[in-house]
Each structure stands twice: as C-alpha cells, then as structure tokens.
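Build me a structure from this.
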Amino acid sequence: MPHLFLGLISGTSADGIDAALVEFPDGPSTAGLRLVAARTHPWEAALRERLVAIGQGGEPRSLNELGRLDVQVGEAFAAAARALLEQAGIAPAQVAAIGSHGQTIRHRPHGEAPFTLQIGDGAVIAERTGITTVCDFRRRDVAAGGQGAPLVPAFHAALLHAPDEDRAVLNLGGIGNYTLLPRAGAVRGFDTGPANALLDAWCQRHTGAAYDAGGAFAASGTVDQALLARLRAEPWFALPPPKSTGREHFHLEWVQARLRGGEAPADVQATLLELSAATAADALRAHQPGTARVLVCGGGVRNPLLMARLAARLPGVVVESTAVHGLDPDYVEAMAFAWLARQTLAGLPGNLPAVTGARGPRVLGVVHPA
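Predicted coordinates:
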C-alpha cells in the first residue's frame, strides 16, 4: 500500500481548506513521517458566508440547502486535494487515502440525542479525486458517549511527547484546544474556548478585514478589564474536561450580550485577545500546573500579540511554535487527519477515551473506496 496520505480540514474559522500530503514510514510508527506538500485552498466567498452563518447557530434555509451545501463542500475539498497533488507532482494512484474532517456546522455532544455534524460529502471527494476517502470521524466517538473532539491529541502524543518534561500542545484555531502530554501518565485533551473565532469575526465586522493581521487592531486598543471579567464569567469555562465547543456557542451575539454600550471596537478586540490568552493559561494551570513547555500551532501562532500575552500569563513556561520541533504550525491538524485515515484503514483506533470521554477506543470514520 502507498505510504502517502492526504489530510483535509476546514476549522471553526472556515478561513480556508488546509491540505497536507504526508509520507509515513512502514509499520505503525510515526517516527520519520514527512510533510511532502501543503497548501491552503480558498473558499468561494458566498459559500463561506453561508457556512459561517450556519456554524454560528443559524439554520439552513431548507433541507434542500443543507443537501446542496454538503455536496458543495465536498466539491471544494476535492478541489483542494487535486490542487495539492498537482502542486506536488503526485498522481492520485500514489495516495493511499484522503482523511477529510469536513466543515463543522453544528456540535452538540450533550443532551438527549448528542450529535456532531460535519458536512463535505466523502463520496463526492472519492469520485472527484479517484482516491479512497475517509470522512465523518467524529460521530462514532459521540455515539460511544464521547465529545467527538478533540481528535488530534493522539497524533500530538505520537509526535511531540517527551520523557523528560511535562508538555502541552495548544492549537490556536477558531477554538483553542489543548493536548496535555505529561512525561508519564495518560494523555488528556480538551477545548479551552474561543481563540481566533471571535477575534476574526469582530475584526471583520469593524474593519472589513477577514482577520487581525499581526494583532495590529487589538494592539491599537486597551483591554477593558470589566468586560474581560464578564466574558470570563461564562459558566462553560469552569466545566471540567472532557469538553468541547464551537461557533454555535461562542459567536458575536455572545459578545454583544456582555457589552454595556459605547465600547471602542479596538478595545473590544484587545479584550477578546486577552480572553483567548487568559482562558488558555487558566486551563493549563488548572489541569497540568507543572507544564514546562507549550507548543503552539494553528493560526494564532501568526499573531505575535496573542503569543506574547499567552507567554505573559504563563511565567516560567516556554511558549513556542511547533515549528521548533519540525511541525509546520499551519498544517498540524491537516496532517492529523491524514494520520487518522491511516489509522482507520489499518483498523486501529483514532480516539483517546481519556480525552473525549468515549466508553473506549474506537476505529473512526466512514470509508468511501476509490
């Protein structure tokens, strides 16, 4: 079987489809795996607008729209895969499988009928690429009583664990999430709350830019300590792991409900950035206070103000990009879904019950053969 797997993911921010082509060694080990090629494929603007609106709690206009979106997202993911293979000069026949996360439009792992919903029809991806496609990774974990998220900690553990220090991997995507890697003991992981999702949304509303490049908008404001306290009082932050969340909880209406009126937009941006740093630091102190090193990936790595505020709130802890350890911070999650596809085809579990709360290890995903 070829040792090339292709991972696809569009995260909470829906700011593009990340595609990563990964070469794995023989056998179950990940030692020596290599990122062959990677790129971020842009969304068509109108499609992204609908995905973000629904992801923030809006309803599809009809079942017909939901069905169309499922196919359209599948087409977009297939286009991202084809573009990456063309860039790398790799034929589809050389790729063992695609692992596609899809686009989350609703995540409700609690209640009478827990569910998580990612769209992006895997059958469409398999047809358009000619490559076996594994998708729908999260639902089996939810069916087994888990949160269905985060799923990347098993991949983090395989690549970034160290026997001589307690580490944490922090993904600063739309939502922040930790993988806790103690030098000895069980790997744990959970969401911390909003990372870039609120920052991006507030920036776009008030400046027209899709994101706050370099944290400049936030840097032009001042943290509103009273607003920060109201935001941090959100009960979700105090919940114990396992826990996960998404745009349907943390969206601009959630922010708006905590404003008193008259706040300067730049001050709110600065406060939302401080919220991301504070909640991530709070969670680490609560759940692995002896952490020596935090390895950061995701779009937040590119925001120097966010990185600086995180480091300031974690004195004595080394805060650095996963790039220092050979993993491109922009594509760690896409690489993880390549790994998850490999796990599925090998009949191996992809979840960590200590992370998600599932009743046990499960082989994840639905396979659409080429």
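
now the helices for this protein?
45-55, 63-88, 122-129, 138-143, 153-160, 197-207, 216-219, 225-232, 252-256, 265-287, 304-312, 332-345, 353-356 (DSSP state H).

quick one: contacts of stretch 60-73?
For stretch 60-73, the external contacting residues (Cβ atoms under 8 Å, 6 or more residues apart in numbering) are Ser10, Leu47, Arg50, Leu51, Ile54, Gly102, Gln103, Ile105, Ile119, Gly120, Asp121, Val124. From N, CA and C alone the C-beta is placed, and that goes for glycine too.

can you put the residues you listed in JSON lines and add neighbour count and pLDDT?
Formatted as JSON lines, the contacts of stretch 60-73 follow (neighbours: other Cβ atoms under 10 Å; pLDDT from 0 to 100):
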{"residue": "Ser10", "neighbour count": "29", "pLDDT": "96"}
{"residue": "Leu47", "neighbour count": "17", "pLDDT": "97"}
{"residue": "Arg50", "neighbour count": "18", "pLDDT": "95"}
{"residue": "Leu51", "neighbour count": "23", "pLDDT": "95"}
{"residue": "Ile54", "neighbour count": "23", "pLDDT": "93"}
{"residue": "Gly102", "neighbour count": "24", "pLDDT": "97"}
{"residue": "Gln103", "neighbour count": "28", "pLDDT": "97"}
{"residue": "Ile105", "neighbour count": "28", "pLDDT": "93"}
{"residue": "Ile119", "neighbour count": "23", "pLDDT": "98"}
{"residue": "Gly120", "neighbour count": "29", "pLDDT": "98"}
{"residue": "Asp121", "neighbour count": "25", "pLDDT": "98"}
{"residue": "Val124", "neighbour count": "21", "pLDDT": "98"}
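
and the residue nearest to Ile9 when sequence neighbours are not counted, what does it touch?
Nearest residue to Ile9 in three dimensions, chain neighbours excluded: His101, at 4.0 Å (Cβ to Cβ, 6 or more residues apart in numbering). His101 makes contacts with Gly7, Leu8, Ile9, Ser10, Gln118, Gly120, Cys135, Phe137, Glu333, Phe337, as judged by Cβ under 8 Å, 6+ apart.

quick one: low-confidence ranges for the stretch 151-300 of the chain?
By pLDDT under 70, the stretch 151-300 of the chain has no low-scoring segment.

nope, the stretch 1-150 of the chain is what I was after
In the stretch 1-150 of the chain, residues with pLDDT under 70: 1-2.

Got phi/psi on the closest residue to Pro242 other than its chain neighbours?
Closest residue to Pro242 apart from its sequence neighbours, by Cβ to Cβ, 6+ apart: Gly357 at 3.8 Å. According to degrees, to the nearest 10, the main-chain angles of Gly357 amount to phi 90, psi 10.

burial count for Gly357?
Neighbours of Gly357 under the rule other Cβ atoms under 10 Å: 21.

Hmm, it is touching Gly145, no?
Yes. Counting by Cβ atoms under 8 Å, Gly357 does reach Gly145; the two are 6.4 Å apart.

what's around Thr12, how many residues?
That count, for Thr12 with other Cβ under 10 Å as the rule, works out to 26.

Test my guess that it contacts Gly174.
Yes. Thr12 is within contact range of Gly174, at 2.6 Å (criterion: Cβ under 8 Å).

Widest-spaced pair of the contacts of stretch 60-73?
Ile54 and Val124 (18.8 Å; Cβ to Cβ).

quick one, what contacts the nearest residue in space to Ala79 that is not next to it in sequence?
The shortest distance from Ala79 to any non-neighbouring residue, by Cβ to Cβ, 6+ apart, is to His41 (6.6 Å). When contacts are counted by Cβ under 8 Å, 6+ apart, His41 touches Gly16, Ile17, Asp18, Ala19, Ala76, Ala79, Ala80, Ala83, Leu84.

do the same with Leu228
When contacts are taken as Cβ under 8 Å, 6+ apart, Leu228 is in contact with Thr271, Glu274, Leu275, Ala278.

Neighbours of Ala113, how many?
Ala113: 6 neighbours (other Cβ under 10 Å).

domain ranges for this protein?
4-148+331-368, 153-325 (automatic domain parsing).

Now do the last one: distance from first to last residue.
Right, domain 153-325. One end of domain 153-325 sits 16 Å from the other (Cα to Cα, to the nearest Å).

Any idea how far that domain is from the middle of the chain?
12 Å (Cα atoms, centre = their mean, to the nearest Å).

Please renumber the chain so that the first residue is 788 from this point on.
Understood, numbering begins at 788; the last thing we discussed is domain 940-1112.

Return the distance of the closest residue to Ala1013 other than its chain neighbours relative to Ala955.
The shortest distance from Ala1013 to any non-neighbouring residue, by Cβ to Cβ, 6+ apart, is to Arg1047 (7.9 Å). Look at Arg1047 and Ala955: by Cβ to Cβ, to the nearest Å, they are 35 Å apart.
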